[in-house]
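Visitor: one predicted model, sequence on top.
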Amino acid sequence: MLKRRLLDRRLGLLMLGVGLLASAAAAQAETGAPAVHWGALAYPDQSPTLALTGNFNRFTEFNGEGRRFNNIRETMGFNFASISWTEHWRRWEHWSTNLTVGAGPTGNQPTGYLQNEFIHDTVWGIPKVPIGRLREETDFMIDGSLTRWIDLGAWRKGLFAGAGVSTGSLYHEGFARAGFRRAPIGSWALPTSWEQAIPVLGWLKGFHLSGMVRYGRLYSGAAFRQVSPESYLAQGSISWGIYDGADGSPFFEIEIGATIDSGLFADLKGNALEERFWTAAVRIRRFTFETWNDQLNRQDYGPTYGFAISYDIYSALPASLQWR
């Protein structure tokens, strides 16, 4: 038993190390279904993006106490490979579009190991979440959105508002969203005279604040046969990084966020199940590693967690292939 626990611990640490190395050697892309309702950062892209992403999300039909979360009678581990294209059009200044397409096998691994053996058992030492019937299918999702950006002086593409749709084998949704992205709170808070007197304070300029509200009209799909009729979502985050002076894109960035969602799912009586999440992301130029979890609910149940690793190939494309 002891040898098994030591092996699980070593495997878990190895997988965590691989994820961190991928983020350090492995950029942000728009968040598609279902991660937006799992707590992933769901802001629109501020710059042109063509990102290849591995998405891993898990839905658990039981909570840690063994009670059913809702009327869905399956545990699902979604393993999506996706491509996300965001274009900021020169012909239509301040407008951007996004198309995200993803698909992959739904099964118990690798999310089952990460949830129960690594996170619950090895890291936190809390009871494992029971697993009943498993969904074993090939699922897919398609997301599209249109966004209008507004400049505020030197703060380019700071405010945004837009709408979009999500569809696929999981569920269907039409949504609208509005907010602000990377408000330079460090620059506003730091007087120039202070920076000149104490140069080390210049690192404060790296702090930025983001926030968004989102409304969605929801419809059931093949995987999630009962969902709430609508969703109200609010998300906020703070980030620190080193940014490109030309377009504001990050050379390096760490972002921590929190999300409250009135609920994608409904309980046994049909009432929406509110969810709260934390999110953490690391970006190193074209690579992003992001993970999210519903621990802000103060209990571990429902759509438990997820993570994604992305690589943006847009800037590596020849100019003739950069559609604008």
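Guide: Ah, there it is.

Visitor: please enumerate the strands of the stretch 201-324 of the chain.
Guide: With DSSP state E, counting those that start in this stretch as the criterion, the stretch 201-324 of the chain has strands at 207-220, 230-243, 250-261, 275-284, 287-293, 305-312.

Visitor: which of the ones you listed sits closest to residue 104?
Guide: Closest approach to residue 104 among the strands of the stretch 201-324 of the chain (Cβ to Cβ): strand 305-312, 12.2 Å. From N, CA and C alone the C-beta is placed, and that goes for glycine too.

Visitor: who's in contact with residue 138?
Guide: 103-106 (Cβ atoms under 8 Å, 6 or more residues apart in numbering).

Visitor: can you tell me which of those are in strands?
Guide: 103-106 (DSSP state E).

Visitor: now the strands of the stretch 201-324 of the chain as JSON lines including distance to residue 57 and mean pLDDT?
Guide: Formatted as JSON lines, those follow (distance: least, Cβ to Cβ, whole Å; pLDDT from 0 to 100):
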{"stretch": "strand 207-220", "distance to residue 57": "17", "mean pLDDT": "96"}
{"stretch": "strand 230-243", "distance to residue 57": "16", "mean pLDDT": "95"}
{"stretch": "strand 250-261", "distance to residue 57": "14", "mean pLDDT": "94"}
{"stretch": "strand 275-284", "distance to residue 57": "12", "mean pLDDT": "94"}
{"stretch": "strand 287-293", "distance to residue 57": "9", "mean pLDDT": "94"}
{"stretch": "strand 305-312", "distance to residue 57": "4", "mean pLDDT": "93"}
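
Visitor: mind putting those into a markdown table with distance to residue 146 and mean neighbour count?
Guide: Shown next, in a markdown table, are the strands of the stretch 201-324 of the chain (distance: least, Cβ to Cβ, whole Å; neighbours: other Cβ atoms under 10 Å):
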| stretch | distance to residue 146 | mean neighbour count |
| --- | --- | --- |
| strand 207-220 | 14 | 18 |
| strand 230-243 | 18 | 18 |
| strand 250-261 | 22 | 19 |
| strand 275-284 | 24 | 20 |
| strand 287-293 | 23 | 22 |
| strand 305-312 | 21 | 23 |
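
Visitor: among those, single out whichever gets nearest to residue 184.
Guide: strand 207-220 (5.8 Å).

Visitor: if we can go back for a sec, could I get the strands of the stretch 201-324 of the chain as CSV with distance to residue 96?
Guide: Formatted as CSV, the strands of the stretch 201-324 of the chain follow (distance: least, Cβ to Cβ, whole Å):
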stretch, distance to residue 96
strand 207-220, 15
strand 230-243, 19
strand 250-261, 18
strand 275-284, 19
strand 287-293, 18
strand 305-312, 15
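
Visitor: list the contacts of the most centrally placed residue in the chain.
Guide: Central residue of the chain (Cα atoms, centre = their mean): residue 40, 2.3 Å from the mean position. Each residue near residue 40 by Cβ under 8 Å, 6+ apart is listed here: 31, 279, 290, 292, 306, 308.

Visitor: quick check, it in a strand?
Guide: No. Counting by DSSP: H, G, I helix; E, B strand; the rest coil, residue 40 is located in no strand; its state is coil.

Visitor: start the count at 282 instead of 1 going forward.
Guide: Yes, from this point I'll number from 282; that puts the last item at residue 321.

Visitor: measure stretch 387-400 end to end?
Guide: Taking Cα to Cα, to the nearest Å, the first and last residues of stretch 387-400 lie 20 Å apart.

Visitor: contact partners of it?
Guide: Stretch 387-400 is contacted from outside by 289, 292-293, 296-297, 337-339, 341, 356-360, 409-410, 412, 415-420, 504, 585-587, using Cβ under 8 Å, 6+ apart.

Visitor: quick one: average confidence on stretch 349-365?
Guide: The average of the pLDDT scores along stretch 349-365 is 90.
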